[in-house]
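Asker: I would like to see how this sequence folds:
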Amino acid sequence: MGEFTMPSLGADMDEGTLVEWLVEPGTPIRRGDPVAVVETAKSTIEVECFESGTMGRPLVEPGTTVPVGTPLALIETAAGTRGKAGRARKPRKEPQGPPAPERTRPAEPAEPVRTLEPVASEAPGHGHVEAGPLIRHLAEEGGVDLAALRGSGPGGRVTRADIERAAAAAPTARAPTARAPRARVTPLARRRAAELGVDLSSVAGTGKDAAIRAEDVSRAASGLAGAPSPPPRTTAAVRASRPSEDQASAMRRAIARLMSRANRDVPHYYLSTTVDMAVPMDWLHDRNRRSPMSERLLPAALLLKAAALAAHEVPELNGFWTDDRFTAGEGVHLGVAVSLRGGGLIAPVLRGADTLEVPALMSALKDLVSRARTGRLRGSEVSGATLTVTNLGDQGVETVFGVVHPPQVALVGFGRVVDRPWAVDGLLGVRPVVTVTLSADHRATDGAVGARYLTAVDRLLQNPEKL
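Answerer: Okay, here's the model as predicted:
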């Protein structure tokens, strides 16, 4: 039996609040599936599961704040019973001896679908029948009457194969009563709908596969006319109804703690350079003229790609300072600082940014920014950055010197592209330029390494077609 624990979603996270379960006990889950919504000081994040199996018993109720590493739920893995660390137990070695004569065994029935807490019922004419939550769900979707089935599993348990055979055997009979599949509803959303008097059939889901989440119910409730809704009673509902200022205040406190520690513990050094953007801007304008509106690029896409490729060339700035030594990152994963509408910031991660084509990087950037500002990021998208980039050009800022985000060892800043007098081959003209800055940890590198990085950014931007 594995454990799903409160994850660490950043170096500054010590605890988190479980807001909502996205799956019910007995639901099959795969590695990478979002299973819960967690609120940190900075954002509300969908957290994925890191092993496949069946969702087991929840150990923490929505609305509860627990430290990082606290078990939130049990997960029954496909390999069967597991230890606390999620590793399969080793089979016991049997004593060696002469091989036993081979026995002929009768064919075994189809293996039942593994479920938790099977529910027994009496089937008219067939005696005792067992079916778990998943089987009942499959039967309901397929229009199969469980009471009319004889289970082929051990102890008369109904299996997936039984449901599929019954569904295939009577297509005509089910046709008159066939109905569209119901939208999946998270447990917290179902409870909140009951509290607020919301009809779930009228709610449009915004979760994965159009699943209805608690925030969808709250949004639907706020749009209802007529009688006022009863006050929320659950802890999670109370948290969801708090003013946004509470979240903003918690975020500012988290940022204050992290930045104070960074300025106190990290010996920074700062470098800057000015890059001639005439060539990349001409290339960008030419490409955008020939592209549909939805595929046009912003200068930020070129700047980020150059920052990522330069980090690949100068790996001394792409990694972490831990245990008094530098560890290079496995890949270039850019944390992109995003300002939030309610105040504060978050830095979602563009994974493998150096390997992305510029259009793909632009698309990923827009998606991350949009979901960061609506609280729809996943856990894997807010941790693991090897280098952070901040771009305040759209705010009119020409130069930005940031603070290194430990345990990272560098932060790159881009300002606004502005027209300035610029001499080329002895001739003075007006050209677009951008100021690029580097804040770095002096324990990991010296100024010469930082200078190599900024030189690489400049060189890469002068060849935009190779980005």
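Asker: In contact with the closest residue to Gly207 other than its chain neighbours, which residues?
Answerer: With sequence-adjacent residues excluded and distances taken as C-beta to C-beta, 6 or more residues apart in numbering, Gly207 is closest to Arg213, at 4.6 Å. (C-beta placed from N, C-alpha, C; glycine too.) Residues near Arg213 by C-beta atoms under 8 Å, 6 or more residues apart in numbering: 20, 22, 37, 186, 188-189, 205-207.
Asker: With distance to Thr374 as extra columns, can I get these in a markdown table?
Answerer: Below are those laid out as a markdown table (distance: C-beta to C-beta, whole Å):
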| residue | distance to Thr374 |
| --- | --- |
| Glu20 | 15 |
| Leu22 | 16 |
| Val37 | 13 |
| Thr186 | 17 |
| Leu188 | 18 |
| Ala189 | 17 |
| Gly205 | 15 |
| Thr206 | 9 |
| Gly207 | 13 |
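Asker: Okay, and which of the residues you listed map to helices?
Answerer: 188-189 (DSSP state H).
Asker: ok, of the contacts of Arg213, which one's closest to Gly342?
Answerer: Val37 (17.7 Å; C-beta to C-beta).
Asker: circling back: ok, the residue nearest to Gly207 to Val203 distance?
Answerer: Distance of Arg213 to Val203, given as C-beta to C-beta, to the nearest Å: 9 Å.
Asker: again, but for Thr355
Answerer: On the measure of C-beta to C-beta, Thr355 and Val203 end up 40 Å apart.
Asker: Same check on Asp441?
Answerer: Taking C-beta to C-beta, one finds Asp441 at 49 Å from Val203.
Asker: more neighbours, those two?
Answerer: Asp441 (23 against 19; other C-beta atoms under 10 Å).
Asker: That one and Thr273: what is the separation?
Answerer: Distance from Asp441 to Thr273, counting by C-beta to C-beta: 19 Å.
Asker: now do Val66
Answerer: With distances taken as C-beta to C-beta, Val66 is found 46 Å from Thr273.
Asker: pLDDT at Gly415, what is it?
Answerer: Per-residue pLDDT puts Gly415 at 96.
Asker: what does Arg82 give?
Answerer: We have a pLDDT of 41 for Arg82.
Asker: Could you do Val434 as well?
Answerer: You'll see Val434 listed with a pLDDT of 97.
Asker: Just list whatever residues bridge to the nearest residue to Leu350 once chain neighbours are set aside.
Answerer: Using C-beta to C-beta, 6+ apart and skipping the chain neighbours, the partner closest in space to Leu350 is Leu334 (4.5 Å). Note on Leu334: beta-bridge partners Leu350, Leu387, judged by DSSP bridges.
Asker: just checking, Leu334 touches Ala353?
Answerer: Yes. Between Leu334 and Ala353 there is a contact under C-beta atoms under 8 Å: 4.4 Å.
Asker: Pull up the overlap in contacts between those two.
Answerer: Contact criterion C-beta under 8 Å, 6+ apart; residues shared by Leu334 and Ala353: 304, 307-308.
Asker: Look up phi and psi at Leu298.
Answerer: phi -100, psi 160 (degrees, to the nearest 10).
Asker: Just give me the neighbour total for Val433.
Answerer: 21.
Asker: Check Met293 too.
Answerer: 6.
Asker: can you pull the pLDDT of it?
Answerer: pLDDT, Met293: 90.
Asker: and if you look at Asp276?
Answerer: pLDDT, Asp276: 97.
Asker: if I look at it, how far off is Leu392?
Answerer: 20 Å.
Asker: show me what contacts the residue most central in space within the chain?
Answerer: By C-alpha atoms, centre = their mean, the chain has its centre lying nearest to Arg378, at 1.5 Å. Residues in contact with Arg378, defined by C-beta under 8 Å, 6+ apart, are 34, 45-48.
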